[in-house]
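Trainee: quick one: sequence plus predicted model below, questions after.
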Amino acid sequence: MSKKASFVEIDENTEIKPSKAFSKYARVSSMAQYKRMHAESIEKPHLFWAREAKELKWQKKWDKVLNWEAPYAEWFKGGKLNVCENAVDRHVEEGRGNKAAIIWEGEPGDKRILTYQQLQREVCRMANVLTNQGVKPKDCVLIYMPMVPEATIAMLACARIGAVHSIVFGGFSSESIKDRLEDSKAVAVITADGSWRRGSVVPLKDNMDEALKGNKDVKSVIVLKRCENDVKMKKGRDFWWHKQTAKVPAKHTPKGFSAEHPLFILYTSGSTGKPKGILHTSGGYMVGTYTTCKYIFDMQEDDVYWCTADVGWITGHSYITYGPLLNGVTQIMYEGGPNYPDWGRFWSIIEEYGVTIFYTAPTAIRAFIKAGDEFVDKYDLSSLRLLGTVGEPINPAAWAWYYNKIGGGRCPIVDTWWQTETGAIMISPLPGCTPIKPGTATLPFFGVDAAILDEEGNECKPDQPGRLVIRKPWPSMLRTIYGDKKRYKDTYWSDYDGMYTAGDGAKKDKKGNVYIIGRLDDVLNVSGHRLGTAEIESALVAHPAVAEAAVIGKPHEIKGESIVCFVTLKGDYKETDELKTELRNHIGKVIGAIAKPDAIHFAPAGLPKTRSGKIMRRLLKELVNTGKVTGNVTTLEDSKVIDALEKSLKG
Ligand code: 6R9
C-alpha cells in the first residue's frame, strides 16, 4: 500500500471511496458483498451469526441461535463458553503465545509488553486470587483502576470465573462509587493506590475507602501498587495485588458458562437522576465485539491497534479488552492524558510502535486541532492504515483534519455509532467498501436493522429528522437494566412496539447514510461522555444553599457540549463567586470532575416554568445561546423570571 501523504479538499459533501489498495486485502471489499451479507444477516440471522460464532471456541455448542420474545433475547441458547478463554487461551493454543497482546505505556514513560502467554498467566493468577477470596460465579466485583494492563487482567479474571465485573471510571467520585456498590451489591473490589493524570496522582484507594464506609457487602479489596502514594490498608479486608498473586499458581482451568451468563454491568446516564446498570451477557456480547472488530477495524494478524478510550467506558470494554483480544491482535494501551508532557504524546506513540489502526473521539481531535499542527508534524504517522471515531457526531472540519493530517489522505475513517446499551458498533462504514463522508456513520452493520421513525411510527423520508430505532434484536444488545426489568422495558422498548429506541435523533440521506443529530432525552454529551442533566441537578439541590436547579448543554468548540447550570438559592445565601466555586466543587465531589460545569448562573427570581411547574429548559438554552428569549413563551408562568435571568447573564 502507498504510504505517501496526500491532501484532499473536503467539505460536508465530499464522498471518498476506498482505495483499491485498501479494498484488495479488506475482509469486505465491495458494496455488493456488504449488501449480500447484510441481507442475509437480517433475513437469516441464525445462519449468519452461527457462522461467525463458530470461529470462536464453545465448550458446548448452542441449541438455538436466537430466542426472541420482545424485549427479551437469548442468544446462542444452550451454548457454553468462557469469554476469557476465547480472548486469551485460544490464542496461546493457536500459536500466538509469544505475540504481544498488550504494549503498554505509562504516563511517566514506563513501558511494558505482555504477550498472550504472559497475559494468560496473569489472568490465571488473578482468577485464583478471586476464587480464594470467595468470589463465586454471578458475584459482582467492582473495578476502579487506572489505565494499566491490570485493569484488563482484572476484567478477564472476573470473566474467567464467571463473576460479573462492574467498572467505575477512575475519574468518578467516592459518592458515585458508593451508589454503584450499593446497586450492584459487589462482594469484592479491585483498585490501585493511585492513578497518574497529567503528572499528579489521583488517590484511587482513598476514594475507595470513603465509598466503602458503612458498606457491609464488600469482603475483600485488592489493591495494585501503581503510584506508591500512601494508602491505608484495612486488616482482613485489604490485600496487595502483588502479594496475593505471588502466592497462587499461574494455571487455572476455564469453566464453560451458559451463553446468557452475565458478563458485566456498566452504569450509564439516562434521563432520570440515578445512572442505570446496563447488563451484558457472555455469548452474544463475545460474538458481537469479535465480529465488529473483525469487519469494521478490518483486523489482520499483523495489525497494531490502538483505542484511546478508558476501560471505564463501554468503548474500553468492547474495543480495548474484549474485541481486540478476541481477535488476537496486538494493541497499545496508554495510561495518561493526550497532552502529557505535550500535545505530541499520541503521535509519538503511533510512530514508536507503528500503530496501524487508531480509534479515538471527536473531542480529542478538536483539542489536537486547537493545540496546533506542529505537534503532529514532528512525527512519522505513515504506519497508519485505518482511523476510527466514536462518542459523538464529528463535524466536517475535524473529520477533514483527521483524514488529511493524521491519515495522510490515505486512511479510511470509520465513524462508528453505538451505545453502552448496544454493546458493540451498530452503524459504521466497512473500510474496504463503504464510501465515507464527513458527519455520517453511514450504514448499519450486519444484523442491525436501523430505521428512522416519526412520532407516529412512520419511516422518515430522506433528510427528514426523526428517532433512531433498531427493529430487530442483535447479539451484543443489553439484556436488562440491572435489578429493574420494568425500567428496561419502559426506557428502551415502549416508544414503538417491539423496537429498541436509542434516544438519538437522526436522519438518512437518499443513499441510506445515517446522520446522528444528537440525544433526544435530557442527556448531555460532554467530550463524548454521557451525563444526565437530572444527575447534575440532583447533585446541586443536595447542596444546602440550593433551592432549585436546572442544567442545560451549550455547544462547545472542543467538548461538543458544555454544562451550564442555573440555580436559585435558599433565603439566606448570597450570590457570590465563592459560592459558585463551591458549587462547582460540590458537583465534582458528588459525581466526578467530568461533571463540573463550565458556567453557573444565579436565578434570583426563580427558574422559568410552565403553568404545570415544569422547568422550561428550552428557554434557558435560547437565553444562553443568544442572550435573550424570543421564542414562544405563552406557556411560561411568570415572564418576570426571564427578565431577571437576562440581567443575571449580562452581569
Ligand atoms: C459508544 C458510546 C452513546 C451516545 C449515543 C450518541 C453518541 C456515540 C456516536 C455518537 C454521533 C457517533 N454517539 N457514537 N453520536 N456519532 N459515531 O459512546 O457509548 O457513552 O453510551 O454514548 O453517544 O448520542 O446515544 P455511550
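Mentor: That came in fine, so what should we check first?

Trainee: can we go C-alpha only for contacts and neighbour counts from here?
Mentor: OK.

Trainee: with adjacent residues omitted, what lies nearest to residue 178?
Mentor: Counting by Cα to Cα, 6 or more residues apart in numbering, the nearest residue to residue 178 once its immediate chain neighbours are dropped is residue 211, at 4.8 Å.

Trainee: could you pull out the helices in the stretch 101-250 of the chain for me?
Mentor: Secondary structure of the stretch 101-250 of the chain (DSSP state H, counting those that start in this stretch): helices at 116-132, 149-161, 174-184, 204-212, 241-246.

Trainee: need the winner for burial among the ones you listed.
Mentor: Highest mean neighbour count among the helices of the stretch 101-250 of the chain (mean count of other Cα atoms under 10 Å): helix 149-161, with a mean of 25.

Trainee: and it with helix 116-132, angle?
Mentor: 60 degrees (axes from the mean of the first three to the mean of the last three Cα atoms, to 10 degrees).

Trainee: state the mean pLDDT of helix 149-161.
Mentor: Computed over helix 149-161, the mean pLDDT rounds to 98.

Trainee: burial count for residue 252?
Mentor: 17 (other Cα atoms under 10 Å).

Trainee: residue contacts, residue 75?
Mentor: 64, 65, 66, 67, 259, 260, 283, 284, 475 (Cα atoms under 8 Å, 6 or more residues apart in numbering).

Trainee: what sits closest to it if chain neighbours are left out?
Mentor: residue 66 (4.6 Å).

Trainee: tell me the secondary structure for that neighbour?
Mentor: Put simply, residue 66 is strand when judged by DSSP: H, G, I helix; E, B strand; the rest coil.

Trainee: got a list of contacts for stretch 517-535?
Mentor: 268-275, 361-364, 390-393, 503-507, 550-553, 558-563, 595.

Trainee: now do 7 Å
Mentor: 269-274, 361, 363, 391-392, 503-506, 551-553, 559-562 (Cα atoms under 7 Å, 6 or more residues apart in numbering).

Trainee: distance between it and the chain's centre?
Mentor: Centre-to-centre, stretch 517-535 and its host chain are 13 Å apart (Cα atoms, centre = their mean, to the nearest Å).

Trainee: next one: stretch 518-538
Mentor: The answer for stretch 518-538 is 14 Å, by Cα atoms, centre = their mean.

Trainee: mind checking which of the contacts of stretch 517-535 are in strands?
Mentor: When the contacts of stretch 517-535 are checked against strands (DSSP state E), the matches are 503, 504, 505, 506, 551, 552, 553, 560, 561, 562.

Trainee: out of these, who's near the ligand?
Mentor: residue 504 (Cα under 6 Å from any ligand atom).

Trainee: need the contact list for residue 261.
Mentor: Here residue 261 is in contact with 281, 282 (Cα under 7 Å, 6+ apart).

Trainee: ah, wrong one, I meant residue 8
Mentor: Residue 8 neighbours (Cα under 7 Å, 6+ apart): 404, 409.

Trainee: that one and residue 352: what is the separation?
Mentor: 26 Å (Cα to Cα, to the nearest Å).

Trainee: ok but residue 252 is inside a helix, no?
Mentor: No - looking at residue 252 with three-state DSSP, it is coil, so not inside a helix.

Trainee: hmm, it is touching residue 122, no?
Mentor: No - with contacts counted by Cα atoms under 7 Å, residue 252 stays clear of residue 122, the gap being 10.3 Å.

Trainee: in the stretch 251-400 of the chain, where is pLDDT below threshold?
Mentor: Where the stretch 251-400 of the chain drops to pLDDT under 70, the residues are 273.

Trainee: need the residues of the protein near the ligand, please.
Mentor: Going by Cα under 6 Å from any ligand atom, the residues of the chain near the ligand are 315, 390-393, 415-420, 441, 504, 516, 518-519, 529-530.

Trainee: mind checking which of the residues you listed are in strands?
Mentor: Filtering those for strands - DSSP E - leaves 390, 415, 416, 504, 516, 518, 519, 529, 530.

Trainee: ok, the closest residue to residue 50 other than its chain neighbours - contacts?
Mentor: Of all residues not flanking residue 50 in the chain, residue 65 sits nearest, at 6.7 Å (Cα to Cα, 6+ apart). By Cα under 7 Å, 6+ apart, the contact list for residue 65 reads 46, 50, 75, 76, 77.

Trainee: one more time with 6 Å, if that's ok
Mentor: Residue 65 sits next to 46, 75, 76 when contact means Cα atoms under 6 Å, 6 or more residues apart in numbering.

Trainee: just to be sure, the last one is in a strand?
Mentor: Think residue 76. Yes - judged by three-state DSSP, residue 76 forms part of a strand.

Trainee: and it, how far from the ligand?
Mentor: Applying Cα to the nearest ligand atom, to the nearest Å, the value for residue 76 to the ligand is 24 Å.

Trainee: right, I'll leave it there.
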